[in-house]
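Visitor: Here's a sequence, model it:
(2 chains)
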Amino acid sequence: MNPNRIVGDVILEADDINLSFGGVRALSHVSFGVREHEICSIIGPNGAGKSSMLNVINGVYHPQHGNIVYRGKRIRRMRTHKSARYGIARTFQNIALFKGMSVLDNILTGRNLMIKSTFIEQAFYWGRAHREEMSHRRRVEEIIDFLEIESVRKVPVGRLPYGLQKRVELGRALAAEPQVLLLDEPMAGMNVEEKEDMCRFVLDVNDEFGTTIVLIEHDMGVVMDLSDHVIVLDYGRKIADGTPDEIRGNQQVIDAYLGVAA
Amino acid sequence: MQQNQHTASHSTSGDALDTFPKLLLSHAKRRANQPAIREKEFGIWQFWTWQQMAEEIRAFACGLAELGFQREDKLAIIGDNRPQLYWAMAAAQCMGGVPVPLYQDAVADEMAYVLNNADIRFVMVEDQEQVDKVLEIKERCPQLEVVVYDDPRGLRHYYQPFLYSLKKVQESGRGFDHTHPGFFEEQVNASTGEDVGVMLYTSGTTGNPKGVMLTYNNFIITGRNGIIREGLREDEEVLAYLPMAWVGDHLFSYAQSYVAGFCVSCPESAETVMHDMREIGPTYFFAPPRIFENLLTQVMIRMEDAGFIKRKMFHYFMEHARRVGTAILDGKSVSAGDKFIYTLGRVLVYGPLKNVLGFSRIRLAYTAGEAIGPDIFDFFRSLGINIKQLYGSTEAAVFICVQPNGQVKPDTVGTPALDVEVKITEDGEVLFRGPGVFHSYYKNPKSTAETKDVNGWVFTGDAGFFDEDGHLKIIDRAKDVGKLVDGTLFAPKYIENKLKFFPYIKEVVAFGNSKEYVTAFINIDLEAVGNWAERHNLAYSGYTDLAGQPEVYELVRDCVEKVNTDLAKDAKLSGSQIKRFLVLHKELDADDGELTRTRKVRRRFVAERYAELIEALFSDKSSHAVEAQVKYEDGRTGTIRAELKIYEAERFGIAELRQAS
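Guide: Numbers count the residues shown, from 1 in each chain, chains lettered A, B, ... in the order given. You can find the predicted model right below:
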């Protein structure tokens, strides 16, 4: 991979997170740190609490115990809009795009937080609205260029194949110019070629924009190739945390998840 | 070797505009602020004026010189149609070098062959994809010294010392230009029209590709003659979307733009060509028949899905256009009533349709390379689009024959181009001579001598004849025309083309030379047949599955039998009706070496590769098991297994024929 990317200090920390739904313990005493500019994967069997963990990070779920620490700041109660303002963007396991809107418009919605002009200004397309639209459109076009989806720019998202929809969702997350990007199974359900493309985009995002990436993925080949850092969850507990090589050799992980090669 | 006289008469002193760099500098003065080249980026068309473009090229050329680029050095150019790659051509020419554009989808092996064959030290590539390919073959090409790339995306961590970004090269070029005043002009003025300006590799239907060396005069005079004959102007709009390595693109998007001074637009990406075309609205357009075919297929498919009224309207007016449209285009007399209905049709159907296709402003369209189906040809002409066939080759810098305005016949390629002479040998082979006749094949005097005789006549290898109006008619490759056992003439291309005119059929390979009857491999058109299958509630999982369905076989048999009825009408060819055929389990593909990069069937290769299948076709088996290796674009290989059925088609009038003979 790339020897020169400088991985910085821990910027995102989960501190002793406990999350339960009624009597079900989704996460218990989970702690880990994600360093700046790294690609960190969360892996584990189904129901291990991976998506719940992402949901805790960006404030969809509120843990009964424990905090998220972001850039040294302990956040008592993370809210979704707050996390967006902090520069945390995400994509979803089941695509959550506006199906009837074009690719371009979908990605533009990712710019929402950066729009400063008022409703009135926009209605009359006057003042800041005009200037802003140009700059936002430019940024969106750069993302379209980056993700190589020029040919579907104006196509309603609902008409695109699954792999492309995933790419558009990544595009919308990128439009927010995030510092941390949470990707929930970005390659699920893709064929080999689509997976390879997506991997390249994830690496390129990390490389070109220096975005810190936390991703959930089941394809071990992808995880081991992409990640600087892997966290393994099982039944809501963290059972391992380390570099891909360390994880590969960890007996507990092999028993719980990886299995033994025949 | 004797230089032919046409070129000799045009070579003049240093201040004549006889090379592209000289033309460039002249445009930069005369048309300083007019757009020279356009590219769609970030969703917006951005352009460079002639002056800006000349400046970019100058910086690039000087940068190359600083990296050690010498006169007569070759610069390989690999990538999609991008302004920067067209600049690379001019930059190499400014320094007295020779640009060698390569097909951008060439696999590494093909690329290595050309880079070595042409002794290439300098390469200009578009992006990471091409850089990776060059790196892969670097070891096999020891003479390779410098690789310049345009798009830095994904290349941040490539540390090879021989990799340079275009920006860096241009930057150091500007410095070099500053410290070496007069160097650039000196280099530009040292070239004349007689010098080799470009080297284009032929697609190679047989054997390895050959480097065709063409002089500045070849392209400038041929380009100018084309402009004169068709009355092209400096305000033409052209979309550069065909491979840069292909002679047509070099003439239409480069040479003629420099000669006439019109602006060339580069599409945003290969997938957006149709969109971009609609936005640009080209006035001068070139496309191989395949593209016109695809357009027509798409229109027809979309009309099937249109509402009742629209569909009725479309068919009514298209029927009317079919009757009178071509006559109106050719300026023949048509009754006032017909004219009125045609005008109405223009408002309701033809205009909107042309707009959707991006043909609203078109004044001249060429097609060449393969025979075009009469239905397709007439469809576009009846809409009022002046599409004409031309006959050309790399060795001629394109133009040999062109259909003259007002005298367009679907089955001929027209009359000889300006200053070009054409004659037919006793064996029926077509020869030509003219200003576009190539200099020579690179490092291949044997082939040069075989193709071009001492008087400048070039052997095309095509069989053809002149009809009563002096229009040239091409039947097939001279070497492919054969005979059945009973002596019936067998022109495979002729039969294949007839079949390919059906929208369901994409590719055909016919066999029959020295056999008792004719057989064929057929590739279905996935889009058209897929759509047909959907409408008939036929489930399928992919090409191989669809191709093997009995319903699809019936559909194909229908087409084959229609062709057979057609052939039965022709006394000479009646015996060459197709008796047995099969639908191939995979599409013939350039990556597997079955098609050339310009998508022509490599007949011999296919015959060798599928020898077993051909044997089965000429036996009485009704099916045959196959296993085929396929090679994907990224170099991986896979296997496809299938049980191929062989169907018989009815032949018409054969019994009577036998009795008669």
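Visitor: so where's chain B uncertain?
Guide: By pLDDT under 70, the low-scoring segments of chain B are B:1-15, B:203-206, B:570-572, B:631-633, B:635, B:654-661.
Visitor: Which residues of it lie near chain A?
Guide: Residues of chain B that fall close to chain A, judged by Cβ under 8 Å from any Cβ of the partner chain: B:41-44, B:153-154, B:156-157, B:268-269, B:271-272, B:275. C-beta here means a position set from N, CA and C on the backbone, and glycine is covered the same way.
Visitor: In contact with the residue of the stretch 1-150 of chain A found nearest chain B, which residues?
Guide: Evaluated by Cβ to the nearest Cβ, the stretch 1-150 of chain A has A:Glu141 as its residue closest to chain B, separated by 3.8 Å. Contacts for A:Glu141 were tallied using Cβ atoms under 8 Å, 6 or more residues apart in numbering or on different chains; they are B:42-44.
Visitor: closest to chain A among those?
Guide: Chain A lies nearest to B:Phe42 out of the contacts of A:Glu141, by Cβ to the nearest Cβ, at 3.8 Å.
Visitor: Distance of the closest one relative to B:Asp127?
Guide: Going from B:Phe42 to B:Asp127 by Cβ to Cβ, to the nearest Å gives 16 Å.
Visitor: So which of the two has more stuff around it?
Guide: The residue with more neighbours, out of B:Phe42 and B:Asp127, is B:Asp127; 19 against 16, by other Cβ atoms under 10 Å in any protein chain shown.
Visitor: The more buried one reaches B:Tyr158, doesn't it?
Guide: No: B:Asp127 lies out of contact with B:Tyr158 (Cβ atoms under 8 Å); the separation is 11.7 Å.
Visitor: shared neighbours of the two, which are they?
Guide: When contacts are counted by Cβ under 8 Å, 6+ apart, the set common to B:Asp127 and B:Tyr158 is empty.
Visitor: Near chain B, which residues of the stretch 151-262 of chain A are found?
Guide: Contacts of the stretch 151-262 of chain A with chain B, taken as Cβ under 8 Å from any Cβ, map to A:151, A:153, A:200, A:204, A:207-208.
Visitor: is it possible to export these to JSON lines including pLDDT?
Guide: Output for those, formatted as JSON lines (pLDDT from 0 to 100):
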{"residue": "A:Ser151", "pLDDT": "89"}
{"residue": "A:Arg153", "pLDDT": "91"}
{"residue": "A:Arg200", "pLDDT": "90"}
{"residue": "A:Asp204", "pLDDT": "89"}
{"residue": "A:Asp207", "pLDDT": "87"}
{"residue": "A:Glu208", "pLDDT": "86"}
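Visitor: what kind of secondary structure is the closest residue to chain B within the stretch 151-262 of chain A in?
Guide: Per Cβ to the nearest Cβ, A:Ser151 is where the stretch 151-262 of chain A lies closest to chain B, at 3.5 Å. Secondary structure assignment for A:Ser151 (DSSP: H, G, I helix; E, B strand; the rest coil): helix.
Visitor: how many neighbours does the closest residue to it other than its chain neighbours have?
Guide: In space, and not counting its chain neighbours, A:Ser151 is closest to B:Glu271: 3.5 Å by Cβ to Cβ, 6 or more residues apart in numbering or on different chains. B:Glu271: 14 surrounding residues under other Cβ under 10 Å.
Visitor: Kindly report the same for B:Arg156.
Guide: Using other Cβ under 10 Å, B:Arg156 has 14 neighbouring residues.
Visitor: thinking again about what came up before, ok, now how distant is the residue of the stretch 151-262 of chain A closest to chain B from B:Val560?
Guide: A:Ser151 sits 36 Å away from B:Val560, taking Cβ to Cβ as the criterion.
Visitor: which of those two has more neighbours?
Guide: A count of neighbours by other Cβ under 10 Å puts B:Val560 above the other of A:Ser151 and B:Val560, at 26 against 20.
Visitor: if I read this right, that one contacts B:Leu499, doesn't it?
Guide: Yes: the criterion here is Cβ under 8 Å, and B:Val560 meets it with B:Leu499 at 6.9 Å.
Visitor: Need the overlap of contacts for the two.
Guide: The overlap between the contact sets of B:Val560 and B:Leu499 (Cβ under 8 Å, 6+ apart) consists of B:520, B:522.
Visitor: could you point out which element follows the helix or strand bottoming out on mean pLDDT in chain A?
Guide: In chain A, no helix or strand scores lower on mean pLDDT, DSSP states H and E than helix A:119-124, which sits at a mean of 81. Sequence-wise, the next helix or strand downstream of helix A:119-124 (DSSP states H and E) is helix A:128-146.
Visitor: what comes up buried for that following helix?
Guide: Neighbour-count burial for helix A:128-146, counted by 16 or more other Cβ atoms under 10 Å in any protein chain shown, picks out A:129, A:132-133, A:136-137, A:139-141, A:143-146.
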